[in-house]
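In: model the following, please.
(one chain, ligands or ions: 2)
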Amino acid sequence: MKRIGVLTSGGDAPGMNAAIRAVVRTGCEAGMEVYGIKRGYQGLISGDMARMDVRSVSDIIHRGGTMLYSARCPEFKEEEGVRRGVQSCADHGIEGIVVIGGDGSFRGARDLSLSGVPCVGVPGTIDNDIACCDYTIGYDTSMNTIMQMVDRVRDTTESHDRCSVVEVMGRRAGYLALNAGIAVGATAILVPELNYDIERDVIERMRRTQKTGKRHFIIMVAEGVGGVEELARKIEQALGVESRAVILGHVQRGGTPTCRDRVVASQMGSRAVKLLCEGIGNRVVVMQKEEIVDLDIFEALNMKKPFERELYDMAYEISI
Ligand code: ADP
Ligand code: F6P
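Out: Numbering: from 1, shown residues only. Ligands and ions are numbered 1, 2, ... in the order given. Have a look, this model is predicted:
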C-alpha cells in the first residue's frame, strides 16, 4: 500500500493520540503516505482529510482527546454511508485505513473491508467493553482518574459521616466500576452484568460494617445500572446515613494518558500499520494475556467477553 488513512471514531479515549502518532510514524518510516481523516466516518464520507508527516504528530503523546477529532456517524451504519466512504477512499487514493475506536467502529471497519477497503481496528474506548480484547486504550487512564476523583470525594464523605453513591461511565459494561470500586475501597459495587438486590447487596452490607464501627461509605454504581439519586435516598431512609449521589461524568474521559495507555497505544498503532504494509486488512489488533496479537475482524466481533466474577467476589469478601 502506498497511501493509508487513520481515523478515530466514537467516544474519545486518552491514548488515542499516542496511537495516531504511532500510525503516522510507522507509516512514514515504511515509505507510505498517511492521511489523517477528521471526525471518524463523518470525515471519511465528506473527504475531510489531510496528509500527515512525522512532525505533524509531535507533542501529542501526552495529550488526552484526539487530534483528529471524533464523532458518531449514524449514516455509516447504512449501506449508503459505507458506499460513500468507499467512494471517498477511491477519490483520495486511500488503500487502507487504521480505525481507532470501539466495537461500533470495528463494525464500520468490517463493512469497509467487505467493500474492498482493507481496515485494521485498534481498540480505543475507556469502557474496556470490546469482547475480543482484555484491554482497550483509555481504560487505564480512566480508572486512575476515577480513583483520584473518588479519593477526593472520600475525604469529604468521611468528614461528614456520609455515604457517597458514585456513578461511573462504562455504557453497558461494569469493568470501570468494578476495578475502580476495588481501588477506592467501595463498600458495594453494582454492575449491569450481575443481578443485584439493593437490600441484600447494599443496605445489609452497610449495616454489617456499621456494627464494626464504619461511619462513612462509598457505593460504586456503573452507569448501566444507574439510579444513583434514588439509591442515595433509599440508603438515607433505611440507615439514617446522610447520602449524596455523585455522577462523575466526562471528566472520566479526558486528561493526560497514563504510561500504560501510551505504551499500549503505541504498540497497537504500530502493529496495525505493519499489517497494512503487508497488504493485510480485515484485522483487529488486540491485547490478550498481556500480548499484542491480531485477529480476524469478523471473528473478533462474534466473541463474548466473560465478566471478572472472581474479582467481583473478592471485592465483596474484603469490603467488610
Ligand atoms: P461509541 O461506543 O463511543 O458509540 P463506537 O465505536 O461503538 O463508539 O461507534 C462509533 C461509530 O461507529 C458510530 O457512530 C458509527 O459511525 C459506527 N458504527 C457503529 N455501529 C455500526 C455498525 N453496526 N455498522 C457500521 N458502523 C457502525
Ligand atoms: O463509550 C464511551 C462513553 O464515555 C461511555 O462510557 C458513555 O456511556 C458514553 O460514551 C457517553 O457518551 P457521550 O459522550 O455521547 O455522552
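In: without its sequence neighbours, what residue ends up closest to residue 158?
Out: residue 216 (4.6 Å; Cβ to Cβ, 6 or more residues apart in numbering). For the C-beta atoms, the positions are set from N, CA and C on the backbone; glycine is no exception.
In: typo on my end, residue 93
Out: residue 3 (5.0 Å).
In: is the one you found bridged to anything, and to what?
Out: Beta bridges link residue 3 to residue 33, judged by DSSP bridges.
In: can you count the residues close to it?
Out: Residue 3 has 16 neighbours, counted by other Cβ atoms under 10 Å.
In: same check on residue 132?
Out: By other Cβ under 10 Å, neighbour count at residue 132 equals 23.
In: what of residue 198?
Out: Residue 198: 16 neighbours (other Cβ under 10 Å).
In: where does the stretch 151-300 of the chain get nearest to ligand 1, which residue?
Out: residue 171 (6.3 Å; Cβ to the nearest ligand atom).
In: can you tell me the SS state at the residue of the stretch 51-200 of the chain found nearest ligand 1?
Out: The nearest approach of the stretch 51-200 of the chain to ligand 1 comes at residue 104, 2.3 Å away (Cβ to the nearest ligand atom). When states are read from DSSP: H, G, I helix; E, B strand; the rest coil, the local structure at residue 104 comes out as helix.
In: can you pull out the strands in the stretch 51-200 of the chain?
Out: 96-101, 119-123, 163-168, 188-190 (DSSP state E, counting those that start in this stretch).
In: and ligand 2, which of these is closest to it?
Out: Here strand 163-168 is closest among those (Cβ to the nearest ligand atom), at 8.4 Å.
In: so what are the sheet partners of the closest one and their directions?
Out: Note on strand 163-168: by DSSP bridges, its sheet partners are strand 217-222 (parallel), strand 243-247 (parallel).
In: in contact with the residue lying closest to residue 83 once chain neighbours are set aside, which residues?
Out: Excluding the flanking residues, the one nearest residue 83 by Cβ to Cβ, 6+ apart is residue 115, at 7.3 Å. By Cβ atoms under 8 Å, 6 or more residues apart in numbering, residue 115 lies in contact with 82, 83, 85, 86.
In: give me the buried subset of these.
Out: Among these, those buried by neighbour count (16 or more other Cβ atoms under 10 Å) are 82, 85, 86.
In: nearest to residue 48 among these?
Out: residue 85 (12.1 Å; Cβ to Cβ).
In: got a markdown table for the strands of the stretch 51-200 of the chain, with mean pLDDT and mean neighbour count too?
Out: Converted to a markdown table, the strands of the stretch 51-200 of the chain look like this (pLDDT from 0 to 100; neighbours: other Cβ atoms under 10 Å):
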| stretch | mean pLDDT | mean neighbour count |
| --- | --- | --- |
| strand 96-101 | 98 | 31 |
| strand 119-123 | 98 | 32 |
| strand 163-168 | 98 | 26 |
| strand 188-190 | 98 | 27 |
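In: ok, back up a step: wait, the residue nearest to residue 93 touches residue 30, no?
Out: No. Residue 3 sits out of contact with residue 30 when judged by Cβ atoms under 8 Å, with a separation of 11.8 Å.
In: neighbours of the residue nearest to residue 158, just the number please.
Out: For residue 216, using other Cβ under 10 Å, the count is 18.
In: quick one, phi/psi of it?
Out: phi -140, psi 150 (degrees, to the nearest 10).
In: contacting residues for it?
Out: 154, 157, 158, 160, 161, 162, 163.
In: ok, now residue 226?
Out: Taking Cβ under 8 Å, 6+ apart as the test, what residue 226 contacts is residue 167.
In: got the phi/psi numbers for it?
Out: phi 70, psi -160.
In: what about it, distance to residue 232?
Out: As judged by Cβ to Cβ, to the nearest Å, residue 226 and residue 232 stand 12 Å apart.
In: follow-up on the earlier one: pipe the buried ones among the contacts of residue 115 into CSV and attach distance to ligand 1 per row.
Out: Shown next, in CSV, are the buried ones among the contacts of residue 115 (distance: Cβ to the nearest ligand atom, whole Å):
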residue, distance to ligand 1
82, 7
85, 10
86, 13
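In: which pLDDT value goes with the residue located most distally from the centre of the chain?
Out: Distance to the chain centre peaks in the chain at residue 211, reaching 38.6 Å (criterion: Cα atoms, centre = their mean). Note on residue 211: pLDDT of 97.
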